[in-house]
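*Asks:* Give me a model of this one.
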Amino acid sequence: MHAVGRHPREKRRALWFEAGWILIGAAGLDFCIGDPWGWIHPVQVMGWSIEQFKTIAFRMTKNPAGLRVAGMVLTIGLILGSGAIASGGIAIAKSIHPLLGNAIAIVLLASCFAGRSLRTAADNVLGSLSDLEKARSQLRLYVGRDTENLSEPEILRAVLETVTENAVDGVLAPLFYALIGTFTPVGSVGFAIAYKAASTLDSMIGYRDAPFTDFGWFSAKTDDVLTWLPCRLTVFTLGLVSGKPLKVWRLCRRDAPKDSSPNSGWSECVYAASLGVQVGGVNYYRGVEKQKPLLGEPLQPITIEIIHQATRKTRSCFLIWLAIVLLILMAQRFLDG
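*Replies:* Below is the predicted model:
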């Protein structure tokens, strides 16, 4: 009877241990390797699925109400389906061998973190600054604005804005949902992949302009809602890390709401406020001028080192959140022991 009574406890301890190593392995894999060139990525599969569904939906109806319903079906189906397929695939792999399942879980979870990709993108542009034409060409791969006439300070601002805007939805929000998923039967990978599906939907069809005004509205709203909490936790964490949380919070409260997005303004502003720089200003998109709100205070110019500091802040936030959950998992194992 004693051995039977211990079995559930031992199983729980093994699950806590396994969950911790999956998180550590995925974080390490993204930091060291990132997304290997030429490998198929879950986002590519999601993107292909979105394109196929979009083509069918627009072929079947042009009615705004019909497109809204189709967009809702796509959003809910892709988010839930992606999470279920990821979790199910890992479960099948574990039934073959536990190490195979854990290896697949680590690779899939690492694919949700874009920390290495963001650093690489920034380094590719910054390493070309001695040749402005080359730097503009490199920058064009990562931003939507026109780059052909950008000066060096404008290139630096564009890189910082890209790194900071994508820090939440590309790195910290997927981590947040992975950490939440760790304490559920779905698991860290299912939650992170599901969030990645929502983020991919928003980037592909979550536009206010035609033809996605109706088809993409639900995707955009869903991503806004899912990103809201991890974005605010990022502001809180980076404010503490900066050593001036009240000042950072004051600047974010003052400037971030000026941005039309409920999240990207906060994401960019917390970095600007903690680094003592200002982002925003005039950008051109297909030759059309667009004034972006000014976020932060221009206490110093944006430099290469400032951008490196921003990527280090993202890494610090990532590691703090990861360490907190790992400590919780260790405590759970201790309590179950």
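*Asks:* which residues of the stretch 51-200 of the chain score low on pLDDT?
*Replies:* Nowhere does the stretch 51-200 of the chain drop to pLDDT under 70.
*Asks:* can you pull out the helices in it?
*Replies:* Assigned by DSSP state H, counting those that start in this stretch, the stretch 51-200 of the chain shows helices spanning 64-96, 98-112, 115-126, 132-139, 152-167, 173-181, 188-205.
*Asks:* Determine the set of other helices and strands touching the fifth one.
*Replies:* Meaning helix 152-167. Applying 3 or more Cβ pairs under 8 Å, 6 or more residues apart in numbering; DSSP states H and E, we find helix 152-167 packed against helix 115-126, helix 132-139, helix 264-275, strand 278-285, helix 304-336. From N, CA and C alone the C-beta is placed, and that goes for glycine too.
*Asks:* Give me the residues contacting it.
*Replies:* Residues from elsewhere that reach helix 152-167, judged by Cβ atoms under 8 Å, 6 or more residues apart in numbering: 114, 118, 121-122, 125-126, 129, 132, 135-136, 139, 142-143, 145, 147, 150, 234, 264, 267-268, 270-272, 277, 279-281, 301-304, 306-307, 310-311, 314, 317.
*Asks:* hang on, the earlier thing: nearest to E18, of the helices and strands packed on helix 152-167?
*Replies:* helix 304-336 (9.7 Å; Cβ to Cβ).
*Asks:* chain center to that closest one, what's the gap?
*Replies:* Here helix 304-336 is found 15 Å from its chain centre; the criterion is Cα atoms, centre = their mean, to the nearest Å.
*Asks:* thinking again about what came up before, could I get the helices of the stretch 51-200 of the chain as CSV with distance to W228 and mean neighbour count?
*Replies:* Shown next, in CSV, are those (distance: least, Cβ to Cβ, whole Å; neighbours: other Cβ atoms under 10 Å):
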stretch, distance to W228, mean neighbour count
helix 64-96, 16, 17
helix 98-112, 19, 20
helix 115-126, 21, 19
helix 132-139, 29, 17
helix 152-167, 15, 22
helix 173-181, 10, 25
helix 188-205, 12, 26
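*Asks:* and F31, which of those is closest to it?
*Replies:* Closest among the helices of the stretch 51-200 of the chain, using Cβ to Cβ: helix 115-126, at 6.2 Å.
*Asks:* Put the alpha carbons of the closest one into PDB.
*Replies:* The C-alpha trace of helix 115-126 is given here as PDB (Å, rounded to 0.1, in the frame of the first residue of the first chain):
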ATOM      1  CA  GLY A 115      15.400  36.200 -29.000                       C
ATOM      2  CA  ARG A 116      18.200  35.000 -31.200                       C
ATOM      3  CA  SER A 117      16.400  36.100 -34.300                       C
ATOM      4  CA  LEU A 118      15.900  39.600 -33.100                       C
ATOM      5  CA  ARG A 119      19.500  40.000 -32.000                       C
ATOM      6  CA  THR A 120      20.700  38.600 -35.400                       C
ATOM      7  CA  ALA A 121      18.400  41.000 -37.300                       C
ATOM      8  CA  ALA A 122      19.800  44.000 -35.300                       C
ATOM      9  CA  ASP A 123      23.400  42.900 -35.800                       C
ATOM     10  CA  ASN A 124      22.900  42.400 -39.500                       C
ATOM     11  CA  VAL A 125      21.900  46.000 -39.900                       C
ATOM     12  CA  LEU A 126      24.300  47.500 -37.300                       C
END
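*Asks:* which helices and strands does that helix pack with?
*Replies:* helix 2-32, helix 132-139, helix 152-167, helix 304-336.
*Asks:* Let's see the third one as CSV, backbone CA atoms only.
*Replies:* Taking Å, rounded to 0.1, in the frame of the first residue of the first chain, the C-alpha atoms of helix 152-167 are listed here in CSV:
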residue,chain,number,x,y,z
GLU,A,152,22.2,56.8,-40.0
PRO,A,153,20.3,58.1,-36.9
GLU,A,154,17.0,57.1,-38.6
ILE,A,155,18.3,53.6,-39.3
LEU,A,156,19.3,53.3,-35.6
ARG,A,157,15.9,54.5,-34.5
ALA,A,158,14.2,52.0,-36.9
VAL,A,159,16.4,49.1,-35.5
LEU,A,160,15.6,50.1,-31.9
GLU,A,161,11.9,50.4,-32.6
THR,A,162,11.9,47.0,-34.3
VAL,A,163,13.8,45.3,-31.5
THR,A,164,11.6,46.8,-28.8
GLU,A,165,8.2,46.4,-30.5
ASN,A,166,8.9,42.8,-31.2
ALA,A,167,10.4,42.0,-27.8
